[in-house]
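[1] turn this into a model:
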Amino acid sequence: MASPRSIVVIKLSAIGDVLHGVPVAVALKRAFPDARIGWAVEGRAADVLAGHPAIDHLFRLPRGWLKAPSAVLALRRQLRSFAPDVTIDLQGLLKSGVASWLSAAPMRIGFAKPASREHAWLAYTNRVRPVATHVVDRNCDLLVPLGIRESQPTFDMPHWPVSRERAHQWLGGLGLHEAPVLINPGAGWASKLWPPDRFAAVARGLHRRGLRSLVVWGGAAERAAAEQIVAQSNGAAVLAPDTSLQDLGEVCRASRLLISSDTGPLHLAAAVGTPCVGLFGPVPASRNGPYGRQHVCVEPPPEARPSWDNRKTDTVSMAAIDVDRVIAAAESLLSRAQAAA
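    Predicted coordinates:
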């Protein structure tokens, strides 16, 4: 194929997974600067892609679109109008395979099974067996059929000026006149949650070094955990206001580091360049950790990690991560930043 005129990336959800695909769009725009790059994405995960310089168009899909014939037909119409020469399916599930097939692109790239599931591979003209370990690098393996070998993936995330102004107003209003440490207690799976009392102990430990923490949250359950952390921090932590994803991205940029388990806000912070301490229990950091050398991950002893099939039901691995190791990881990042400055 000659240089493609238009390409559609398909990664529908979730927030962290969508962010893991951003380096693919960056590499495509770098390799084919005259091509239009589109992205099919569901729900509010689209907000982290809005304004990205490598993405020319977003196909915003409602959750559950595959069950609504009108939504399927609308996506087909939009994709055919975009007329992609190539689709790249980073998801590898039935719904993303359907989106790839609806595009009618002559070249449809996706993972070979078993990396692709639910028969999604039937939609692809080019099936790739990933060789990398980390999910960001695995996504970049899908660029090989286009002659692109991305050895240094980058995110090049946009700034969101309205959210940046709002973030600085919040920090000043909360009395955080120096860059805080962010704590994110939430996670998409219960097996990835770290106990709130341990986050509070981390906040107290860092406060003894003169640092205050800002606890971010999303939704009622996470707010309750955040309030518990603040209450048990003895004044070391304050509660963040309700934030959009773009607000959170700019709050991350204004902070020293973020401490979180494996979830969307962790990967958003890493994508915008904030140093991260990642807490990884049921899923190895080598596969899903915050991408880049400026981050540190804390993991349980190998014997406490569950089998892959039990990763969503495990209750042992996160409990095996102790407070002292997390504080030490945070201090190492802070010392590294101080030495660089």
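[2] show me where the protein has strands.
    For the chain, the strands defined by DSSP state E cover 6-10, 36-42, 57-61, 86-89, 107-111, 126-128, 181-184, 213-215, 237-239, 257-261, 276-279, 296-298.
[3] redo these as TSV? Include mean pLDDT, distance to A120 and mean neighbour count.
    In this view, the C-beta of every residue, glycine as well, is placed from N, C-alpha and C. Listed next are those as TSV, based on pLDDT from 0 to 100; distance: least, Cβ to Cβ, whole Å; neighbours: other Cβ atoms under 10 Å:
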stretch	mean pLDDT	distance to A120	mean neighbour count
strand 6-10	98	10	26
strand 36-42	98	14	24
strand 57-61	98	16	19
strand 86-89	98	7	28
strand 107-111	98	6	23
strand 126-128	98	10	18
strand 181-184	98	31	27
strand 213-215	98	38	27
strand 237-239	98	41	20
strand 257-261	98	28	28
strand 276-279	98	29	27
strand 296-298	98	30	21
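[4] for L334, find the nearest of these.
    The minimum distance between L334 and the strands of the chain falls on strand 257-261, with 6.9 Å, by Cβ to Cβ.
[5] describe which strands the closest one pairs with in its sheet and in which direction.
    strand 181-184 (parallel), strand 276-279 (parallel) (DSSP bridges).
[6] nearest to W217, of the ones you listed?
    Ranking the strands paired with strand 257-261 by proximity to W217 (Cβ to Cβ) places strand 181-184 first, at 7.6 Å.
[7] low-confidence regions, the stretch 51-200 of the chain specifically.
    By pLDDT under 70, the stretch 51-200 of the chain contains no weakly predicted segment.
[8] residue ranges for the helices of it, please.
    Remark: helices assigned in the stretch 51-200 of the chain by DSSP state H, counting those that start in this stretch are 69-82, 94-103, 135-141, 161-173, 196-207.
[9] so which of those gets nearest F155?
    The nearest among the helices of the stretch 51-200 of the chain, by Cβ to Cβ, is helix 135-141 at 9.1 Å.
[10] now do the same contact list for V72.
    Residues near V72 by Cβ atoms under 8 Å, 6 or more residues apart in numbering: 65-66, 98, 102.
[11] for those residues, which one is nearest S255?
    W65 (34.9 Å).
[12] tell me how many other residues surround the closest one.
    21 (other Cβ atoms under 10 Å).
[13] go on, G43?
    So G43, with other Cβ under 10 Å, has 17 neighbours.
[14] returning to that earlier point: okay, the strands of the chain in JSON lines with distance to A339 next?
    Below are the strands of the chain laid out as JSON lines (distance: least, Cβ to Cβ, whole Å):
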{"stretch": "strand 6-10", "distance to A339": "38"}
{"stretch": "strand 36-42", "distance to A339": "38"}
{"stretch": "strand 57-61", "distance to A339": "40"}
{"stretch": "strand 86-89", "distance to A339": "40"}
{"stretch": "strand 107-111", "distance to A339": "41"}
{"stretch": "strand 126-128", "distance to A339": "41"}
{"stretch": "strand 181-184", "distance to A339": "18"}
{"stretch": "strand 213-215", "distance to A339": "22"}
{"stretch": "strand 237-239", "distance to A339": "26"}
{"stretch": "strand 257-261", "distance to A339": "14"}
{"stretch": "strand 276-279", "distance to A339": "17"}
{"stretch": "strand 296-298", "distance to A339": "15"}
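[15] for R117, which of the ones you listed is the nearest?
    Nearest to R117 among the strands of the chain is strand 107-111; the distance by Cβ to Cβ comes to 8.9 Å.
[16] partner strands of the closest one, parallel or antiparallel?
    strand 86-89 (parallel), strand 126-128 (parallel).
[17] ok now the longest one, how far from the chain's centre?
    Spelled out, that is strand 86-89. Centroid separation for strand 86-89 versus its chain: 20 Å, with Cα atoms, centre = their mean, to the nearest Å.
[18] before we move on, the earlier item: save the strands paired with strand 257-261 as a markdown table, and put in distance to L211 too.
    Shown next, in a markdown table, are the strands paired with strand 257-261 (distance: least, Cβ to Cβ, whole Å):
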| stretch | distance to L211 |
| --- | --- |
| strand 181-184 | 5 |
| strand 276-279 | 13 |
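[19] nearest to R127, of these?
    strand 276-279 (31.2 Å).
[20] neighbouring contacts of that closest one?
    Against strand 276-279 from outside (Cβ under 8 Å, 6+ apart): 194, 257-262, 266, 269-270, 285, 289-290, 295-298, 318, 321, 326, 329-330, 333.
[21] stretch 252-261 too?
    159, 164, 167-168, 171, 179-185, 187, 192-194, 199, 202, 211, 214, 265-266, 268-269, 272-281, 318, 326, 330, 333-334, 337.
[22] surely A71 meets R60?
    No: in this structure, A71 is not within contact of R60 by Cβ atoms under 8 Å, at 10.9 Å.
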